Every structure is written in structure tokens, then in C-alpha cells.
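*Asks:* need a 3D model of the sequence below.
(chains A and B)
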Amino acid sequence: MLRFLLTRIGLVIPTFFGITFLSFILIRLVPGDPIEVRVGERGIAPARLAQLRHEMGLDQPLWKQFFDYIAQVLHGDLGVSVVTQKSVLTEFLTLFPATLELSIAAILFAVILGLPFGILAALKRGSWVDHTVMGVSLSGFSMPIFWWGLLLILLFSVTLGWTPVSGRISAMYYIEPTTGFLLIDSLFFSDDSGAFGSVVRYMILPTIVLGTVPLAVIARMTRSAMLEVLGEDYIRTARAKGLSAYRVIFIHALRNALIPVVTVIGLQVGTLMGGAILTETIFSWPGIGKWLVESINRRDYPALQGGVLLIASLVILVNFLVDVLYGTLNPRIRHGR
Amino acid sequence: MADNALQTPAQTATAAPAAAPSLFAEFWYHFRQNRGAVWGLYIIVFMALVAIFANFVAPHSPIEQYRDHLLTPPAWAEGGSLQFILGTDDIGRDILSRLIYGARLSLFIGCIVVTISLAIGVALGLIAGFFPGVIGIIIMRVMDILLALPSLLLAVVVAAILGPGLLNAILAVAITVVPHYTRLTRAAVMSELPKDYVTASRVAGAGVVRQMLINVLPNCAAPLIVQATLGFSSAILDAAALGFLGLGAQPPTPEWGTMLAAAREYISRAWWVVTFPGVAILITVLAFNLLGDGLRDALDPKLKR
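*Replies:* Just a heads-up that it's a prediction; the model follows:
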């Protein structure tokens, strides 16, 4: 197990350096000098420019700048936002709980619906249930989620007036961020009794929109994993032993079918982070997805650089954890290498 | 251009029976089993025809503004007219015509993205497969890094660096899908290389390039064709997403995602400006996904459901 862990870590470290390099060159690929980009149209005196370049280490050779950047990153210094003049890391950490809360809600939504429907489709293979589940999930997989969000707003907010159009909580309430998760903050740390309900109502549509693609992927994966397992000899043995259908399906088949499904759920982190960009833009959700798009529009390259690095690191970390979990769940993988 | 999409199936249809009738017939027999895939193919052919003959099919110009007909509802709704079947947008442009020209744009985006990424991805995959030493490791590590970033985030970043615009968006989306082709090609090469026919041809004196292109590549064509078909759908989807975020095609280009971005403000007043571009994206992407699934079943018996 230790060896398995070490080889996996050995694979992660170069990837992390690669991501750091990518975010390092990112700001240098933007046309123009980083300082000139920063001062914008105000202009800057040549002497001051040279001085600033020296202060920021921009007159150093590129490889030295890169190592300085790595040192900075390892110290948690991701630069300063051009627009707000606040540390990029601080901004990211302030906004991240909103994205995390939405992502967790979305993945729960996807798992709670996706698993049962996937199992059902596999058990009723070839029936209308199977065809419906597969058809719906293929549509979900093909869904332009930015349009899906608009459509839901059109139906539930504009026409029916059931849910709010955008934002995270009604303007009536103010909640001091304690954990940053509004569901928890409004339930345990707020005296306003209506605040929690408001938070829930604001969350419903974004959760559905962000959870749609993972839902489709999980349902499809569960179905195919179940079908594969149900064809195995040990299932026939279990049936032949006279075990109840419930035991065969949920104890013998599902536990084995879940192994690839767990991996797929873990891999949805990337989808969620990409989807967050669109979902948060549609619903004005104050998270990092919306922040990144705004950073691009404001040409706030340090924020973009730091944000990309943090999100990529997060995805790498989760994928690594999934890999390790997969190795734990499935000894064949661990010993195969 | 857009007609590439049409030519590929058409060419196989005409050329294959003459050369090897049984091969294509067998493929078609399996492919026809999957009704969804056949429907996907019909929709794509229809879309391609509409895209090619957009000038003749579209009732109006996609950018002409009918100032007297702002936000006209679709023909069947109250206040609609047959002049604008799907209604008009906020500055009086005919939505149907814009969707028709948008089909041309989306298929064009799909073709270019798939061509660029397939060419680069396959080349890198072949190199990585044939030279598994330092070069191969470096290539695959770089691909892993690209895969670590969510594709839309990577596309957004590339588009932000290059600046907004249709061509930059195409390039951005193409870069994000290269790793899939590289991995697929490399895996196929690795499984083909130890086989006897490759050794035999090497002994006969075949050079590396010949090995790559003539011996090995045709044998990994099946998964690549499937991936390329699915690549169309993700390319169209991501390019529309970039357009929606304002980083893709710029107005007044009738790109579906860009149309949706402009329509957002009118969501409470005019449902039709928001609905139809999305329907167009969904149907097109769905068609390519159906076709891809069907091709996978027909071409690769190992992956059969």
C-alpha cells in the first residue's frame, strides 16, 4: 500500500509543477509587459518602469523568475488583485465556500438521483424504463447548461414565480459568514428564522443546473457497471444459492458495481469546476466561477493566474484522492503495478 | 468547411463497397441496429444541408434589422406573423435565419476543432507511442497537465489570453481536446507495436514513418473515429459556452451561444429569443452524441453495450 501511495505521489508532483509553470507563463503570454498591463492606459515613465521591473524581478532570466514564483506559491503568496488590491488567496478563500457549497449540493443531487435510476435501468434492461433513463441522461449529457439554467429561470422564476432569479440569499437577510456555507450559517448562527428557507430557495435552481451533467454521467456509469457485474458468475452463484433478489442486487452486485462509479463521481470535480463558471454567471452566484469570468473581463491577470492555479491544484488533489481510494477499494489495481 | 462533415460518410458509402463490400455492409448492418444513432445521422445530414444551403433556405438575412418588428413572437403565438416564423430578436432580426446561419458556424467550428485537435493529438500520440523514452514521457506528462484543468476553464483561459473572437475560441477549444486523442492513439500504438505484423514489416526494412502511418495508424482508426464524432459535440458545446461568456464569436455573428448571451436580458419579456438557440445547440449536440454511441457499438465489438 505504501509503495502504491508513493508512486501515485510521484506522479502528482510533476503535474503540480506543470500547472505552476502553466500559470506562470500565462501572465507572460498576454501581449504586453505585466507592469504595462497593470498600469493600463495611464502610462508609466521609463525610469519608473525599469525600477519596478527590477523590484518585481522581471529583469531576471526566465528560469530564475520561475523558481522565484514557485517559492512564492509555496509560501502561499499568489499575488495581489489589480482591481481590489487584495491578496488573491484571500479573495479566493472568501469566495470558495459559495462554490463548494453549490458543488456539494449538486453532486449530492446527482448521486441521489443518478444511482437509483442507473440501477433501475440496469435491472429493467431493454424495457421502456431503461430507454427513458438512457434517453434522458443522454440529453442531460448533451445539455448546454447555460441554456438549461435560463430555461429553468424562465419557467420557475419568471412564469411561476416559485424561485428567485439570481443571487445567494434574499436582500432582507444579512448573515455574518462564520463557516462561509450559508446553509449552515443561516441554520445555526442566525436569529432570523426565515433566512434558512431563503437560502434553500436560492439554491434549488443552481444545484439542478450544476448537477445535470454529473447526474447524466453517474446514471449511465451506474447502469453499465451494474450490467457488467450482473453478468458475472458470482451473481449467478448467489442467485442459485437462493438468496433474495434484494441481497443479490444490493449486497453482491451493487458493492462491486460501485467501484467504477466512485471513480466517476470523483472525476466530476473537473466538470463541476467548469460548470461553476457558467452556472455562477447565470445565477449571479458569488463564487469563484463568476469571479474568474469577471477577472477576465477586468483584465485582472494576477487574479486569473492565482485562480487557475488553485482550481487546478484542487482538481489534481481530488483526482489523487480518488486514485488512492480506488486502489483501496480494488486491490487488483494496487497490486497490478 | 462545413461540407467536410458530409463528405466523410458519403465517401465511405461510395468508395467502400467497391473496394471491400463486406466491410462496409457489415458496419452498416451493426450501425442500423441502433435506431438512435441512425436518427443522429439523419439530423446531422439535415443540419449539414441546411448549413451549406443557408443562403437559399433562410427566409431573411441573419443580420438585417427589421426596425418595425422588434421582439415579434413566433408565428403560432399571439401577435406573431408568418413573415418571421420563430419571431424576431430585440433589434428585429429574424431568429430562424440567424439559427440557420448559426448551424453553418457551429458545424464549421466542429470541423475545424476536430481537424486541428485530431491532427495534433494523433501526431503526438504516435510519437509518444513509438518513442516511449524521455520524449514519450514528456508528451504524456504535458497531456496530464492539460487534463488536470477542467476543459471549459482551460478554454476560458486560452480565450482570455488570445482575446475574444471566433477563431481564438476555436483554437482554445481545440487545445483542450488534444490530450484525449493523444492518449487514445498512444494506447492503440502500444497495443499494436508488439504484434507480429509490425515486427515483420520492421524486419522487411520499413522506416518509422511508414510504420506509424501505414501499419499502425489504420489499426487504431476505430476508436479515433468514435472520439472524433463525440469531439464534434463537445466542440460545439464549449464554443457556444465561450460565446455565451462573451469570449467566443462576437455580435452580430449569429453564433448560437452568442445569441443566448444577448437574449438573457429579454428573458421575462420574450421567451422565444432564449428558447430556440438552446434547442438548436441541444439537438445538434445530441445528434453527434447519438451518432458517436452508435459508431462505437458498430465499430468496436469489445465496447458493445
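*Asks:* what residues are up against the closest residue to chain A within chain B?
*Replies:* When distances are taken as Cβ to the nearest Cβ, chain B reaches nearest to chain A at residue B:278, 3.1 Å away. Just so you know, the C-beta spots here come from the backbone N, C-alpha and C atoms, and that holds for glycine as well. Shown in contact with residue B:278 (Cβ atoms under 8 Å, 6 or more residues apart in numbering or on different chains): A:144, A:147, A:148, A:150, A:151, B:256, B:260.
*Asks:* SS state for it?
*Replies:* The three-state assignment at residue B:278 reads helix, by DSSP: H, G, I helix; E, B strand; the rest coil.
*Asks:* can you check the one 3 residues further on too?
*Replies:* For residue B:281, the assignment made with three-state DSSP gives helix.
*Asks:* so what pLDDT did the residue lying closest to it once chain neighbours are set aside get?
*Replies:* Using Cβ to Cβ, 6 or more residues apart in numbering or on different chains and skipping residues adjacent in sequence, the residue nearest residue B:281 is residue A:144, 4.5 Å away. Residue A:144 carries a pLDDT value of 92.
*Asks:* residue A:144 contacts residue B:285, correct?
*Replies:* Yes: using Cβ atoms under 8 Å, residue A:144 is in contact with residue B:285, at 7.2 Å.
*Asks:* shared neighbours of those two, anything?
*Replies:* residue B:237.
*Asks:* not counting sequence-adjacent ones, nearest residue to residue A:24?
*Replies:* With Cβ to Cβ, 6+ apart as the criterion, residue A:24 has its nearest non-adjacent residue at 5.0 Å, and that residue is residue A:69.
*Asks:* now that neighbour: how far from chain B?
*Replies:* Note on residue A:69: its distance to chain B, by Cβ to the nearest Cβ, to the nearest Å, is 16 Å.
*Asks:* right, and that residue touches residue A:22 too?
*Replies:* No: using Cβ under 8 Å, residue A:69 is not in contact with residue A:22; the gap is 11.5 Å.
*Asks:* hmm, back to that, quick check, nearest of the contacts of residue B:278 to residue A:132?
*Replies:* Comparing the contacts of residue B:278 against residue A:132 with Cβ to Cβ places residue A:148 closest, at 18.7 Å.
*Asks:* and that closest one, how close does it get to residue B:273?
*Replies:* Taking Cβ to Cβ, to the nearest Å as the measure, residue A:148 and residue B:273 are separated by 16 Å.
*Asks:* what's in contact with stretch B:155-170?
*Replies:* For stretch B:155-170, contacts defined as Cβ under 8 Å, 6+ apart pick out A:26, A:29-30, A:277, A:292-293, A:296, A:304, A:308, B:105, B:109, B:112-113, B:116, B:149, B:171-173, B:175-176, B:238-239, B:241-243, B:245-250, B:253, B:255.
*Asks:* anything in the helix ranked longest in chain B near chain A?
*Replies:* Criterion DSSP state H: the longest helix present in chain B is helix B:95-130. No: counting by Cβ under 8 Å from any Cβ of the partner chain, chain A has no neighbours in helix B:95-130; the shortest distance is 11.2 Å.
*Asks:* gap between that helix and the chain center?
*Replies:* Counting by Cα atoms, centre = their mean, to the nearest Å, helix B:95-130 is centred 5 Å from the centre of its parent chain.
*Asks:* next secondary structure after that helix?
*Replies:* helix B:134-148 (DSSP states H and E).
*Asks:* now for that following helix, which elements pack on it?
*Replies:* On a contact count with 3 or more Cβ pairs under 8 Å, 6 or more residues apart in numbering or on different chains; DSSP states H and E, helix B:134-148 meets helix A:2-29, helix A:301-329, helix B:95-130, helix B:166-192.
*Asks:* coming back round to it: give me the buried subset of the contacts of stretch B:155-170.
*Replies:* Buried residues within the contacts of stretch B:155-170, counting neighbours by 16 or more other Cβ atoms under 10 Å in any protein chain shown: A:26, A:30, A:277, A:292-293, A:296, A:304, A:308, B:105, B:109, B:112-113, B:116, B:149, B:171-173, B:175-176, B:238-239, B:241-243, B:245-249, B:253, B:255.
*Asks:* any idea which element whichever residue of the stretch 101-250 of chain A sits closest to chain B lies in?
*Replies:* The nearest approach of the stretch 101-250 of chain A to chain B comes at residue A:147, 3.1 Å away (Cβ to the nearest Cβ). Take DSSP H and E as the rule and residue A:147 turns out to sit in helix A:145-152.
*Asks:* same deal with residue A:165?
*Replies:* Using DSSP H and E, residue A:165 sits within no helix or strand.
*Asks:* what comes up buried for stretch A:218-229?
*Replies:* A:218, A:219, A:220, A:221, A:222, A:223, A:224, A:225, A:226, A:227, A:229.
*Asks:* so the residue nearest to residue A:24 versus residue A:78, what's the distance?
*Replies:* Using Cβ to Cβ, residue A:69 is found at 10 Å from residue A:78.
*Asks:* OK, contacts around the residue of the stretch 101-250 of chain A closest to chain B?
*Replies:* Each residue near residue A:147 by Cβ under 8 Å, 6+ apart is listed here: B:260, B:274, B:277, B:278, B:281, B:282.
*Asks:* TSV for these, including distance to residue A:317?
*Replies:* Compiled in TSV, those are given as follows (distance: Cβ to Cβ, whole Å):
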residue	distance to residue A:317
B:260	34
B:274	38
B:277	37
B:278	34
B:281	33
B:282	33
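*Asks:* how about the residues you listed, which pair is most distant?
*Replies:* Maximum pairwise distance in the contacts of residue A:147, criterion Cβ to Cβ, is 13.0 Å, between B:274 and B:282.
*Asks:* so the two - more neighbours on which side?
*Replies:* residue B:274 (22 against 19; other Cβ atoms under 10 Å in any protein chain shown).
*Asks:* quick one: average confidence on the strand or helix carrying the more buried one?
*Replies:* Assigned by DSSP H and E, residue B:274 belongs to helix B:271-299. When pLDDT is averaged along helix B:271-299, the result is 90.
*Asks:* out of everything not next to it in sequence, what's closest to residue A:122?
*Replies:* Distances taken as Cβ to Cβ, 6+ apart place residue A:226 nearest to residue A:122, at 3.5 Å, with adjacent residues excluded.
*Asks:* so what pLDDT did that neighbour get?
*Replies:* Listed pLDDT for residue A:226 reads 91.
*Asks:* could you check the angle helix A:145-152 makes with the helix or strand where it lies?
*Replies:* Residue A:226 belongs to helix A:195-230 when assigned by DSSP H and E. Interaxial angle of helix A:195-230 relative to helix A:145-152 (axes from the mean of the first three to the mean of the last three Cα atoms, to 10 degrees): 130 degrees.
*Asks:* what about the stretch 201-337 of chain A, any weak spots by pLDDT?
*Replies:* A:332-337 (pLDDT under 70).
*Asks:* chain B contacts on that one?
*Replies:* Applying Cβ under 8 Å from any Cβ, one finds that the stretch 201-337 of chain A approaches chain B through A:224, A:227, A:270-271, A:273-275, A:277-278, A:281, A:292-293, A:296-297, A:304, A:308, A:311-312, A:315-316, A:319.
*Asks:* now residue A:79: closest residue in space, sequence neighbours ignored.
*Replies:* Spatial nearest neighbour of residue A:79, excluding adjacent residues (Cβ to Cβ, 6+ apart): residue A:302 at 3.9 Å.
*Asks:* who's in contact with the one you found?
*Replies:* Residue A:302 makes contact with A:27, A:78, A:79, A:80, A:81, A:82, A:88, according to Cβ under 8 Å, 6+ apart.
*Asks:* what is the nearest of those to residue A:164?
*Replies:* Using Cβ to Cβ, the shortest approach to residue A:164 within these belongs to residue A:81, at 28.8 Å.
*Asks:* the one residue in the stretch 151-300 of chain A that gets nearest to chain B: neighbour count?
*Replies:* When scored by Cβ to the nearest Cβ, the stretch 151-300 of chain A has residue A:274 as its residue closest to chain B, at 3.5 Å. Each residue near residue A:274 was counted by other Cβ under 10 Å, and the total is 26.
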